[in-house]
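Peer 1: just coords:
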């Protein structure tokens, strides 16, 4: 079979040297987009940044991904994505750019490896286009400017796809070795973001089956051995953690501190089936869409929804059209007419399954799911679109039948969808919509005119084809550049396109408008208010609602709106990287008066509440309760032992007698409530005048400990 690029319009440039410089240019472009101004931006995801800093304090902290310097808890993810960050911090010192630099490198390597993988399958021109599409995918730009786990995950999975492609093309033992390397890399992905890495496993296995030239018996044996490699490379770290004999961090989001438990719970099947909770540990069902962190409803249209579409779906309709065309019209040619080229079949199976399976899983997952996860779709979309362009071009040049209409139809559909995405917030680079539509109209007109004769196909059709490619890539390119230049890093929930005002407001300590109004808030099924629960001043029930005394709210009851002082900004925000002046004075007082205590300050509310203290100081600060305060780390007994042994003197927690929202059993609210109650009963409030602080007003205390103005306690 001729290489895919031989059926495309001739490439400009000087052969292999021109291709090499084109790849260098694409990688440089990617590096600029990912690294632009990261030195002056914030610290990315403050939660993981805190861990990267804390992991440099000891070998145990590094090995197990400790969130805090003391090593009380780990993050809720395995540590592989944070190891490069911690190494960078150890080498260059703790700066925002040293934390974010590894992700920039990972992004450029992913672009390069995708090119190398696609080149083995479909040729140089297709590979260059795939690399360019991947580099210009908006959500990829956002994720590689941040320090979330997805950046390394995508690199590892693209590397696994490269190893699989080499395996299909190799002979003898080399074929098996490349397959085992593929399995090992997916296992490394598991130690990066748990079970999400396994989504591509069925497609990888099927691609090997259809592409390998070995006997059926040999292929089965190879796949079974690769499965063993996958199991070992996936589970060595959680097993090591759980059997470690010495002190080790409690694994956040687990019920017992076990890494194996969290794999099959919160960060495993809990992500898929939700387990009846939306916001673990808070005791309140807050749809994440209201605070700019949600991913829409789980259904077949999720990838096109307002919360997700602008991140990844610019070329998704085109990629799906390509798969339909290849499946319908190329099936016989690929499977029966070309028996000597299984690599072509394997490539389509690999990237087609990557796109379809990952897209379906993301569309229907029930648990906590964020739009930036879709960066895992980017390699599949890039490879399928790039390989599909020669198919559409060949159909366009075919003088028989009506397959030629597919190319202008694809351009029209892609431009129309880009127009819809841009129009969803026309205030952000809205003029790009008219550029896309204008160039698409001219390109489609040229393609139609080019069909009138063979001469016009050469003189009009080819320039129209080039213009069509520019039209297709223009809108995602604008969003990618805008994201790099205007956004910074977007904190813990990276997104492309218009700024995420709801989440930014939350980090500033302000309630997003929808959350402030109470719109969309619901109690979880079966939730009952704890005894003595009182709403804070300024919190009003929905209009007309007068529940009788003692009435338990049914599932789905709208929660009240926040008005008046309760809706005002919170001092210090709610988990950003910047340590407020108020919190800095509080911490400095605790450090001065802690004596030889091993822990300078314990902060109720988990990692989200403690991250700014860890990032903004060199003090030993712990966040009690894992990520959001829901975990038994420390337990009440352990907290009491710390105080009795002089390990801890100061705690930052909720104000005495403040409002509380309890949690359902299994959601962690009860754990946090007991810890807060013990602090109130056994510790003394420090007069804010002692450290230049401001007294906490009752109506400034939100009903979730760790969120709102906090109070400093002295214990022991």
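Peer 2: Done, it's in. As the structure is a prediction and not an experimental result, all values here were calculated from the model.
Peer 1: who are the neighbours in contact with residue 249?
Peer 2: Residues near residue 249 by Cβ atoms under 8 Å, 6 or more residues apart in numbering: 60, 61, 64, 65, 66, 67, 71, 72, 73, 74. C-beta coordinates here come from the backbone N, C-alpha and C atoms, glycine included.
Peer 1: which residues are contacting whichever strand or helix holds the second one?
Peer 2: Secondary structure assigned from DSSP states H and E places residue 61 in helix 59-64. By Cβ under 8 Å, 6+ apart, the residues outside helix 59-64 that reach it are 54-56, 66, 69, 71, 74, 79, 83, 86, 240-241, 244, 246-249.
Peer 1: in helices, which of these appear?
Peer 2: Among these, the members found in helices (DSSP state H) are 54, 83, 86, 240, 241.
Peer 1: pick out the most distant pair among these.
Peer 2: Largest separation among these by Cβ to Cβ: 54 and 240, giving 19.1 Å.
Peer 1: of these two, who's got more company?
Peer 2: With neighbours defined as other Cβ atoms under 10 Å, residue 54 and residue 240 compare such that residue 54 has more, 30 against 13.
Peer 1: the more buried one against residue 614, yeah?
Peer 2: Yes. Between residue 54 and residue 614 there is a contact at 6.4 Å, judged by Cβ atoms under 8 Å.
Peer 1: related to what we said a few turns ago, buried ones from the contacts of helix 59-64, can you make that a ChimeraX selection?
Peer 2: In ChimeraX, selecting the buried portion of the contacts of helix 59-64, with burial taken from 16 or more other Cβ atoms under 10 Å, looks like this:
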select :54,55,56,66,69,71,74,79,83,86,241,248,249
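Peer 1: picking that back up, in ChimeraX, select just the buried ones from the contacts of residue 249.
Peer 2: Buried residues among these (16+ other Cβ under 10 Å), as a ChimeraX selection:
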select :61,64,65,66,67,71,72,73,74
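Peer 1: and which of the contacts of residue 249 is nearest residue 474?
Peer 2: Nearest member of the contacts of residue 249 to residue 474, counting by Cβ to Cβ, is residue 65, at 40.8 Å.
Peer 1: spit out the contact partners of the nearest residue in space to the closest one that is not next to it in sequence.
Peer 2: The shortest distance from residue 65 to any residue other than its chain neighbours is 2.9 Å, reached at residue 79 (Cβ to Cβ, 6 or more residues apart in numbering). Residues in contact with residue 79 (Cβ under 8 Å, 6+ apart) are 51, 55, 62, 63, 64, 65, 191, 237.
Peer 1: pLDDT and distance to residue 299 for those - can I get that in JSON lines?
Peer 2: Output for these, formatted as JSON lines (pLDDT from 0 to 100; distance: Cβ to Cβ, whole Å):
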{"residue": "51", "pLDDT": "97", "distance to residue 299": "34"}
{"residue": "55", "pLDDT": "98", "distance to residue 299": "39"}
{"residue": "62", "pLDDT": "98", "distance to residue 299": "41"}
{"residue": "63", "pLDDT": "98", "distance to residue 299": "41"}
{"residue": "64", "pLDDT": "97", "distance to residue 299": "38"}
{"residue": "65", "pLDDT": "97", "distance to residue 299": "34"}
{"residue": "191", "pLDDT": "97", "distance to residue 299": "31"}
{"residue": "237", "pLDDT": "97", "distance to residue 299": "35"}
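Peer 1: what segments of the chain are strands?
Peer 2: Per DSSP state E, the chain has strands spanning 539-540, 561-562, 601-604, 621-624, 650-653, 683-685, 711-715. These are given in chain order.
Peer 1: mean pLDDT lowest where, among these?
Peer 2: Lowest mean pLDDT of the strands of the chain: strand 561-562, a mean of 42.
Peer 1: distance of the residue nearest to residue 83 when sequence neighbours are not counted from residue 466?
Peer 2: By the measure of Cβ to Cβ, 6+ apart, the closest residue to residue 83 outside its immediate chain neighbours is residue 62, 7.2 Å from it. Noted for residue 62: a distance of 51 Å to residue 466, by Cβ to Cβ, to the nearest Å.
Peer 1: out of those two, which sits in the busier spot?
Peer 2: Neighbours per residue (other Cβ under 10 Å) separate residue 62 from residue 466, with residue 62 holding more: 20 against 14.
Peer 1: residue 322 versus the more buried one, what's the distance?
Peer 2: Residue 62 is 44 Å from residue 322, by Cβ to Cβ.
Peer 1: what sits against residue 255?
Peer 2: 261, 265, 632.
Peer 1: export these to CSV and append columns for pLDDT and distance to residue 410.
Peer 2: Below are the contacts of residue 255 laid out as CSV (pLDDT from 0 to 100; distance: Cβ to Cβ, whole Å):
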residue, pLDDT, distance to residue 410
261, 88, 47
265, 72, 43
632, 91, 55
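Peer 1: check what pLDDT residue 557 gets.
Peer 2: Looking at residue 557, the pLDDT reads 41.
Peer 1: before we move on, what about residue 625?
Peer 2: Residue 625 carries a pLDDT value of 92.
Peer 1: that one contacts residue 604, correct?
Peer 2: Yes. Residue 625 lies in contact with residue 604 (Cβ under 8 Å); the separation is 6.9 Å.
Peer 1: who's more crowded, these two?
Peer 2: residue 625 (33 against 23).
Peer 1: I'd like the distance between the more buried one and residue 16.
Peer 2: 57 Å.
Peer 1: and residue 18, how many residues sit next to it?
Peer 2: 14.
Peer 1: got any ranges where the protein has weak pLDDT?
Peer 2: 1-15, 41, 266-294, 330-341, 454-458, 488-491, 500-576, 657-669, 697-708 (pLDDT under 70).
Peer 1: ok, residue 442 touching residue 466?
Peer 2: No. If you go by Cβ under 8 Å, residue 442 and residue 466 don't touch, sitting 11.3 Å apart.
Peer 1: since that was my last question, I'll sign off now.
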